[in-house]
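Student: whatever this is, show me its structure:
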Amino acid sequence: MKIKTIDENSSLLKPLIKLGDKNRRYLGFFPREAFVRSASEGLILCAVDDMDQLCGYLLYYVARGRAVIQQLCVDSRMIRKGVGRALVDRLKNTTTHLDGILLHCCRDFPSHQFWPQLGFVAVGEKLGRGGRQTVLTRYWYDHGHPTLFSRSEDESKVAAVLDANVLFDLQNGTENESAALLADWLNENVELKITNEVWNEIDRQPAIEERKSRREFAQRFQIVEDSPVEVERIITRLRQVLPKRKKRSDESDRRQLAMAVSGDAEFFITRDQALYGCADKIFQHIGITVAHPAEFVLRIDELLRRADYQPLRLSGSDVKVRRVGAEDVHILSDVFLSHSRGEKKSLFENRLRSVLAQRQVSSSLLVEDAGNNKLGFVVICQESPEIFTVPFFRVKKGTLAPTLARNMAMLIVKQACSDGSTSSVTILIDPHLDGSMSAALQELGFSNSGDAWVKVNLLGIDDPKRIAARIKSLSLKHRVHVTVFDHVVRIVQACAYKDVSHRFILNVERKIWPAKLTGSGLPTFIVPIQPRWAMHLFDEELANQTLFGAVAATALACENVYYRSKDPKVLEAPGRVLWYVSEGKHYEGSKSIRACSVLHEVVVGKAKELYQRFRRLGIYGWSHVRTTAKGNARGEIMAFRFGLTETFSHPISWRDTQAILRAHLGTEPPLSTPLKISEECFEAMYMRGTSGSNEGHAELGKPSITHSNV
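Tutor: Predicted structure coming up:
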């Protein structure tokens, strides 16, 4: 028996879907399109026999630092022959860079006792969402990180409000597109909710027995807490967006949407075509994503990212960053005091004043909007050249909290890389973090260690063996949070194995960012970009040469999207991008390679569809995207999502770029379109950009990592 990862073109996909449909009683409804998408992203493991016939499969997704098993299914002829164990063992081996593996299993299913035999721990339970009142056990497999996964339900679930038509679908239990919302695995990251307006929708049903059963079913869902005043204000704004009301239910739709936004929900799930047709305008005006049930399940990983990271919702607010002053202490305690965790106002203020008075304070950053409303703040102390502590890391609660938390966590890492040595560690010791902030830290490479979050920061490029040695040396020198260092050493060393995936390597690099690992085989490209886009997407030095500078929200961003012509089709993800800023008459320093990014995703599709998919990242307006498509909304273009951008302290001039390309590729291409380069060529470029030299390895010069408006 062999275990293999399949793609969307595999001959195993069709029998796999058939096997899943055959076992729908246990697995639940899963759209065919979702199978295809999971396969295209390498998230389906298959077990095959010597004749390459399907024996079983495991389907999963990755979110917030952990793998979530969606389906594990074994052909009836292969039951009790080790197929399920083999599939789970392969998943364990391919996800060691994550915190662990999660799943939900009905207590009355035969497989319920299977999971403890594989080392999974039952950490909780809850009622299922379907018509049959089932109890779901929450199982967790820990990958040996410093602390076990929290035994309580995660605080960072996204809220999705169900329209009445979807709620009724779920009660009816028919195999429609809404049925997939009942999947047990969806429990992990999504909280399905309803609004109080649903009771009015139920009251419009003609039969008394129907009204009674509808109410009983609706009581299984949590109701969003809204503000009546805010709801009326949002309804007024919606009237400018939605078509004129034709029937009583149209007004009910507006009220449900307004209640969802007031209650800080990120999604509104509906089958109403009129609402879905206005999804773009609704998102732009009130900041909630309207999705069909099938779309929500099909793109769950992407939609979770959308909820977690939405710089578009910051772009209109003129975000600015300044230092925290002693005069800010009182108002900061009013805004950021953690009431839910029992924090006392006097202790907060005394502790903050004490910290700000210390000479070790390296940076204290306060994020505000145009109205001087406080959105978040962080205080960073440099205890030694290699040790940074963060005693305060706070974000104002609301739908923007996950986005702000990620941007501010990136600022913390960049600060250490700018002020520390070539090897340093950041230790976040604020005891009052909520779920959204913990998820942001995890995504940017921090590891939980008891009452602290720890991040190893390395500069340079080298092979896994020497990078691991540097981390060991740092650990032996400081003797702090040794278990975190040991774990990072283990996963770095694992990158030397031949069968390690590219995504595994990039996730490991996240733990040691901005360092890069050699010998990875990652596809790498030089991509040309105009100076006006470079300054908004990553280059503050170029932005400082203009009157208006960069868009503030994106200058803080840790993830972005770039659009270009679909040809040539050379880009592939995951990979790396070196940004070549093309010549610009009004920009000194253009016509050079100025930055390096991680390439997360490459998509070719219709311009309008790609804009809708990536609009949350907020740089490009529709007019810019349409121009890229030569004015044709249905014309095909390319979009690629990138992040973890490191700007070079020594931009590589056109002459030096051509010399390196000639030495490694034997040619001097014009760089007018994306160019794939060898790993050796990337290594030479990276060392030149970070140190000004293309000789040597290990500890290189500090990258030019700057902060907008600081």
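
Student: quick one, helices of the stretch 501-650 of the chain?
Tutor: Shown for the stretch 501-650 of the chain, the helices assigned by DSSP state H, counting those that start in this stretch span residues 502-512, 531-537, 540-543, 552-555, 607-614, 622-628.

Student: can you flag the weakest of those by average pLDDT?
Tutor: The minimum mean pLDDT among the helices of the stretch 501-650 of the chain belongs to helix 552-555 (a mean of 42).

Student: quick one, what contacts the nearest residue to Phe109 once chain neighbours are set aside?
Tutor: Closest residue in space to Phe109, ignoring its immediate chain neighbours: Tyr26 at 6.0 Å, by C-beta to C-beta, 6 or more residues apart in numbering. In this view, the C-beta of every residue, glycine as well, is placed from N, C-alpha and C. By C-beta atoms under 8 Å, 6 or more residues apart in numbering, Tyr26 lies in contact with 73, 109, 111.

Student: from the residues you listed, which ones fall inside strands?
Tutor: Under the assignment DSSP state E, those contribute Cys73 to strands.

Student: could you turn the buried ones of the contacts of Tyr26 into a ChimeraX selection?
Tutor: To isolate the buried members of these in ChimeraX, using 16 or more other C-beta atoms under 10 Å:
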select :73
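
Student: would you turn the contacts of Tyr26 into JSON lines with pLDDT and distance to Trp140?
Tutor: Conversion of those to JSON lines gives the following (pLDDT from 0 to 100; distance: C-beta to C-beta, whole Å):
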{"residue": "Cys73", "pLDDT": "94", "distance to Trp140": "21"}
{"residue": "Phe109", "pLDDT": "83", "distance to Trp140": "18"}
{"residue": "Ser111", "pLDDT": "81", "distance to Trp140": "16"}
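
Student: and which of the contacts of Tyr26 is nearest Gln360?
Tutor: For the contacts of Tyr26, the closest approach to Gln360 (C-beta to C-beta) belongs to Ser111, at 53.4 Å.

Student: contact partners for the closest one?
Tutor: Neighbour list for Ser111: 26, 72, 84, 105 [criterion: C-beta under 8 Å, 6+ apart].

Student: need these in JSON lines (columns: secondary structure and distance to Lys4).
Tutor: Below are the contacts of Ser111 laid out as JSON lines (DSSP: H, G, I helix; E, B strand; the rest coil; distance: C-beta to C-beta, whole Å):
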{"residue": "Tyr26", "secondary structure": "helix", "distance to Lys4": "24"}
{"residue": "Leu72", "secondary structure": "strand", "distance to Lys4": "16"}
{"residue": "Gly84", "secondary structure": "helix", "distance to Lys4": "16"}
{"residue": "Cys105", "secondary structure": "strand", "distance to Lys4": "25"}
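
Student: pLDDT and distance to Phe525 added to those residues, as a markdown table?
Tutor: Converted to a markdown table, the contacts of Ser111 look like this (pLDDT from 0 to 100; distance: C-beta to C-beta, whole Å):
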| residue | pLDDT | distance to Phe525 |
| --- | --- | --- |
| Tyr26 | 83 | 44 |
| Leu72 | 94 | 37 |
| Gly84 | 94 | 40 |
| Cys105 | 88 | 43 |
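
Student: show the buried residues in those.
Tutor: With neighbours counted by 16+ other C-beta under 10 Å, the contacts of Ser111 contain buried members at 72, 84, 105.

Student: ok so, going back, nearest to Lys608, of the contacts of Ser111?
Tutor: Among the contacts of Ser111, and counting by C-beta to C-beta, the member closest to Lys608 is Leu72, at 37.7 Å.

Student: which residues does that closest one contact?
Tutor: 56-59, 84, 87-88, 103, 111.

Student: quick check: the two most widely separated of these?
Tutor: Gly56 and Leu103 (15.4 Å).

Student: before we move on, the earlier item: of the buried ones among the contacts of Ser111, which is the nearest to Lys606?
Tutor: Leu72 (35.5 Å).

Student: next one: the closest one from Ser340, what distance?
Tutor: Counting by C-beta to C-beta, to the nearest Å, the separation of Leu72 from Ser340 is 36 Å.

Student: identify the bridge partners of the closest residue to Ser653 other than its chain neighbours.
Tutor: The shortest distance from Ser653 to any non-neighbouring residue, by C-beta to C-beta, 6+ apart, is to Ser592 (5.2 Å). Counting by DSSP bridges, Ser592 is bridged to Val581, Ser653.

Student: per-residue pLDDT, Ser592?
Tutor: pLDDT at Ser592 comes out at 89.

Student: tell me the spacing between it and Asp451.
Tutor: Distance, Ser592 to Asp451, using C-beta to C-beta: 45 Å.

Student: ok, the two, which is more surrounded?
Tutor: Neighbours per residue, other C-beta atoms under 10 Å: of Ser592 and Asp451, the larger number sits with Ser592, 20 against 9.
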